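Participant: here is my input, please return the structure:
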Amino acid sequence: MREILRSTDPTRIAFAEALLSGEGITAFVLDIHTSVLEGSIGILPRRLMVADRDAFVARAVLADNGLDPA
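Facilitator: Below is the predicted model:
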């Protein structure tokens, strides 16, 4: 799996997931439950991961829609 986006903004992660889903790319969000550790203040970033084979296309989709991929 490859990280293609890291953000503390949950709406940005959700938007990226929707874009990738529309292209048929399965994405997985890591660190989504870290709010228990951080006290729900949102300082720890979430990471959006895709399969290695989808990383190139996923980065292109995000870049085409104004999101800076990792």
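
Participant: and A58, how far is that from L48?
Facilitator: Per CB to CB, to the nearest Å, A58 is found 9 Å from L48. In short, each C-beta sits where N, CA and C put it, glycine included.

Participant: hmm, I was thinking of D54
Facilitator: D54 is 12 Å from L48, where distance means CB to CB.

Participant: the more surrounded of these two?
Facilitator: For the pair D54 and L48, the greater number of neighbours falls to L48 (27 against 20), based on other CB atoms under 10 Å.

Participant: who's the closest spatial neighbour of the residue positioned nearest the centre of the chain, skipping the chain neighbours?
Facilitator: Taking CA atoms, centre = their mean, the centroid of the chain lies closest to L48, which sits 2.7 Å from it. Leaving aside its chain neighbours, L48 sits nearest to L5 (4.0 Å; criterion: CB to CB, 6 or more residues apart in numbering).

Participant: got a list of contacts for the helix or strand encompassing that neighbour?
Facilitator: For L5, the host element (DSSP states H and E) is strand 2-7. Identification of contacts with strand 2-7 by CB atoms under 8 Å, 6 or more residues apart in numbering yields 12-13, 16, 27, 45-52, 55, 58-59, 62, 67, 69-70.

Participant: which members of the residues you listed are classed as buried?
Facilitator: Neighbour-count burial (16 or more other CB atoms under 10 Å) applied to the contacts of strand 2-7 gives 12-13, 16, 27, 46-50, 55, 58-59, 62, 67, 69.

Participant: quick check: the gap between the residue nearest to L48 and A18.
Facilitator: Distance of L5 to A18, given as CB to CB: 12 Å.

Participant: now do P45
Facilitator: P45 sits 19 Å away from A18, going by CB to CB.

Participant: equivalent analysis for P69, please.
Facilitator: Separation of P69 from A18 (CB to CB) stands at 15 Å.

Participant: next one: F28
Facilitator: For F28, the distance to A18 (CB to CB) stands at 14 Å.

Participant: now the strands for this structure?
Facilitator: 2-7, 27-30, 46-50 (DSSP state E).

Participant: for the residue lying closest to D52 once chain neighbours are set aside, grab the count of nearby residues.
Facilitator: Nearest non-adjacent residue to D52, counting by CB to CB, 6+ apart: R2, 5.6 Å away. Using other CB under 10 Å, R2 has 16 neighbouring residues.
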